[in-house]
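>>> For reference, the sequence and a predicted model appear below.
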Amino acid sequence: MSSKRIDRRKFLVRSLETAVGLSLLASCDKRALVEPDSRLPSAPVGLAPDFDIDSQTNQISDVIISWDPHDLTDITGAPLKTVNPNIQISGYNLYRTNDTNPPKTATAPLNGSSLITATTFTDKNSIAVGDGYYYWIEAVDSDNNISPLSAPLYVYVMSPSPVYVATNTNAVSNGILVASEVSKTVNAAVLAVAQGLTQTTPSTIGGAYESIFGGVTKDSIVGIKINTLAASTANGLCTHIEVVEAIVGGLTGMLNGAFPASNIIVFDDRYSVTGPAPMSQMHNAGYDPTRNVTSYRIASVNYNTTLNGIPSSQAETPAMLWADTYTISGVPIRLSSLIQNLDYIINVPVIKDHDDAGITFSLKNFFGTIDNPGGLHQGNLAPEMVGTEVPTVYQLVTRQLGTLRNATGRVTSILTIGDGFLGAYNNGPACAPSSGFVPCQVIAGTDPVATDAYVLTKLINPIRVANKKAPYSYGPSGAARHILTATRPEYNLGSIVPRVVSVPVV
């Protein structure tokens, strides 16, 4: 009997020990009972390029790649921490290839055997002007699971071109431009462009414009190309009239103040007094060719008025409106006859993303000089032609004009004075106000590619990424590929590498 009691007692004790042990195990990390998590982290996103520029040579020395911090999701989008609450991203591997083929398994990353623990890396490997590189990144978690490769980031290496950026936070108050501060900002940018081109400091703003244009006479005609596309949207983003009138004030200072204001024509393609609503956008934005203008002239390429020398009885007569016919990417277009009457153009775009082309700024603003811009949007083109249409139109316009020579030696005839006081990063080009931001900048220069590259990579893409929107790429298959195409020898419109010159505003 006693031995049975002892056995039963031992049995009870052992049963209690087992129960307590199981309870303790249940309260511990469940990973003690299962294999390590083998789910793959999601691919990194948000890759963006930047450059180190040698201050002595003004050439690119290094390429800097940055990306978004990993969001700790797996390849299905599920949180990684549901299995292991302690899991982390240990670091990243960055690769570089010369084409769109992903790096092979045995390829060594740029960072060698040590993971990158930050979200930026400087590629100090050899680079060559005129070459393009593809960058790829993968994430590695603390269970040693490796993510799929990111989508490639294409980086094209060119000699930098100066972009003059004047920033003035006093120029915008509660979303409204302050005219006096706008004028100071525009003038500062123009003086900087003139100094960069001539290596001398003009004594007046009128003298600055003269030195940029060269050969100005009292008979010269200067066109100011604005952008009023979004005026059909409430509070839509258009070229601000305060910017235009600051430019006009500087231009009339040419020839020691003797340049006629009537030789300045502000124009776009969107005006009609009696036509359909979309064509009334110039009027809605404050530019009205029927008003009593005593200084500069306002005209539309679609609707002639007596202000550009054509009798109003002949308004809307196609033969009077349009010059020669061209074929771009298989699409017939006609260039505005107004362009043929100009000696110089100042391009005044606004900062907007574009749901078709990624960005509309310096290059694409000249779609407003042709009769069929809709036919050249990407959805209407053969895939192999996408990206050629924007630089081709820009090139057509420059061939009609006199020439300026920019700092890289390329011939151009257009000065960009970009209205960057307000901008839009989403829903462009109509641009709802909720998609806006406030750079408070004037972006100026004679290289339209560099100004576009600056606006895309330094302004639009960073705020898109901050608001969980995918950045636009100027790579060969990117939405903004027209920027890269514009650098090709047959266009030679500029450099995709902006050398940013910060301009003080006093």
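Right, received. Where do you want to start?
>>> just checking, Thr167 touches Ile443?
No: the criterion here is CB atoms under 8 Å, and Thr167 misses it with Ile443 at 9.8 Å. Just so you know, the C-beta spots here come from the backbone N, C-alpha and C atoms, and that holds for glycine as well.
>>> Between the two, point out the one with more neighbours.
The neighbour count for Thr167 versus Ile443, taken as other CB atoms under 10 Å, is higher for Ile443 (29 against 19).
>>> wait, doesn't the more buried one sit right on Gly418?
Yes: judged on CB under 8 Å, Ile443 makes contact with Gly418 at a distance of 3.7 Å.
>>> hey, what's in contact with both of those two?
Common neighbours of Ile443 and Gly418, using CB atoms under 8 Å, 6 or more residues apart in numbering, are Ile351, Thr451, Val455.
>>> I'd like to know how many residues surround the last one.
Per other CB under 10 Å, the neighbour tally for Val455 reads 30.
>>> Now do the same contact list for Asn426.
Asp353, Ala432, Ser435, Arg464, Asn467, Lys469.
>>> Okay, helices next: where are they in the stretch 151-300 of the chain?
Counting by DSSP state H, counting those that start in this stretch, the stretch 151-300 of the chain has helices at residues 179-198, 205-213, 241-251, 254-257, 281-284.
>>> Apart from its neighbours in sequence, what residue is nearest Ser435?
Asn426 (3.9 Å; CB to CB, 6 or more residues apart in numbering).
>>> Verify the contact between Tyr134 and Pro152 for me.
Yes: using CB under 8 Å, Tyr134 makes contact with Pro152 at a distance of 4.2 Å.
>>> pull the helix or strand with minimum mean pLDDT from this structure.
helix 2-27 (a mean of 44; mean pLDDT, DSSP states H and E).
>>> Around Lys118, how many other residues sit close by?
Residue 118: Ala, not Lys. Residues near Ala118, counting by other CB under 10 Å: 10.
>>> Where does it fall, secondary structure wise?
Following DSSP states H and E, there is no helix or strand that holds Ala118.
>>> got it, and the one 3 residues further on?
Using DSSP H and E, the secondary-structure element containing Phe121 is strand 120-123.
>>> Check whether Leu456 really touches Ala480, as I assumed.
Yes: when contacts are counted by CB under 8 Å, Leu456 is listed as touching Ala480 (5.9 Å).
>>> Spit out the contact partners of the most centrally placed residue in the chain.
Geometric centre of the chain, nearest residue: Leu456, 1.7 Å, by CA atoms, centre = their mean. Contacts of Leu456 were listed using CB under 8 Å, 6+ apart, and they are Gly358, Ile359, Phe361, Tyr472, Tyr474, Ala480, Ile483.
>>> does Thr344 really touch Val222, like I thought?
One correction, residue 344 is Tyr, not Thr. Yes: between Tyr344 and Val222 there is a contact at 5.0 Å, judged by CB under 8 Å.
>>> count of neighbours near the closest residue to Tyr92 other than its chain neighbours?
Excluding the flanking residues, the one nearest Tyr92 by CB to CB, 6+ apart is Ile116, at 4.5 Å. Number of residues near Ile116 (other CB under 10 Å) recorded here: 20.
>>> ditto for Ala108
Ala108: 10 neighbours (other CB under 10 Å).
>>> In terms of helix, strand or coil, where does it fall?
Three-state call for Ala108 (DSSP: H, G, I helix; E, B strand; the rest coil): coil.
>>> same check, this time on Gly46
Using three-state DSSP, the structure places Gly46 in coil.
>>> residue contacts, it?
Gly46 sits in contact with Ser66, Trp67, Asp68, Val465, Pro471, where contact means CB under 8 Å, 6+ apart.
>>> Could you check how far the second one is from Leu47?
According to CB to CB, to the nearest Å, Trp67 stands 5 Å off from Leu47.
>>> Overlap in contacts, the two.
Common contact partners of Trp67 and Leu47 (CB under 8 Å, 6+ apart): Ile137, Ser150.
>>> Now flag whichever of the contacts of Leu456 is closest to Ile226.
Phe361 (13.0 Å; CB to CB).
>>> Is there a neighbour count for the closest one? I'd like the number.
So Phe361, with other CB under 10 Å, has 32 neighbours.
>>> Distance of it relative to Pro391?
Applying CB to CB, the value for Phe361 to Pro391 is 13 Å.
>>> How far off centre is stretch 61-76?
Its chain's C-alpha centre and that of stretch 61-76 lie 20 Å apart, by CA atoms, centre = their mean, to the nearest Å.
>>> That one: end-to-end distance?
Stretch 61-76 has an end-to-end distance of 39 Å (CA to CA, to the nearest Å).
>>> Show the pLDDT at the residue nearest to Tyr92.
Per-residue pLDDT puts Ile116 at 98.
>>> just the contacts of Leu456 now: which is nearest Ser183?
Phe361 (21.8 Å).
>>> would you turn the helices of the stretch 151-300 of the chain into TSV with mean pLDDT?
TSV is the format used below for the helices of the stretch 151-300 of the chain (pLDDT from 0 to 100):
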stretch	mean pLDDT
helix 179-198	96
helix 205-213	94
helix 241-251	96
helix 254-257	96
helix 281-284	78
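>>> Can I get these in CSV including distance to Asn492 and mean neighbour count?
CSV is the format used below for those (distance: least, CB to CB, whole Å; neighbours: other CB atoms under 10 Å):
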stretch, distance to Asn492, mean neighbour count
helix 179-198, 18, 22
helix 205-213, 20, 22
helix 241-251, 27, 22
helix 254-257, 29, 15
helix 281-284, 32, 22
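>>> okay, now the domains of this structure?
The chain is divided into the following domains under automatic domain parsing: 48-156, 161-503.
>>> mean pLDDT lowest for which of the ones you listed?
Lowest mean pLDDT of these: domain 161-503, a mean of 84.
>>> Mind listing residues that contact the host helix or strand of Arg96?
Assigning secondary structure by DSSP H and E places Arg96 in strand 89-97. Residues from elsewhere that reach strand 89-97 (CB under 8 Å, 6+ apart): 41, 44, 65, 67, 69-70, 72, 103, 107, 109-111, 114-117, 119, 121, 123, 125, 133-142, 144, 146, 149, 152.
>>> what's the answer for stretch 480-495, then?
Stretch 480-495 is contacted by residues 154, 156, 158-161, 357-359, 363-364, 386-392, 394-395, 406, 408, 410, 412, 447-450, 452-453, 456, 472-476, 478, 496 when judged by CB under 8 Å, 6+ apart.
>>> For Gly236, state which of the contacts of Asn426 is nearest.
Among the contacts of Asn426, Ala432 lies closest to Gly236 (CB to CB), at 8.3 Å.
>>> Do a quick rundown of the strands in the stretch 201-350 of the chain.
Shown for the stretch 201-350 of the chain, the strands assigned by DSSP state E, counting those that start in this stretch span residues 222-225, 264-268, 297-300, 322-328, 331-336, 344-347, 350-354.
>>> distance of Tyr209 from Leu191?
Taking CB to CB as the measure, Tyr209 falls 10 Å from Leu191.
>>> sorry, back to before: with respect to burial, which of the strands of the stretch 201-350 of the chain scores highest?
Across the strands of the stretch 201-350 of the chain, the average number of neighbours (mean count of other CB atoms under 10 Å) peaks for strand 350-354, which reaches a mean of 28.
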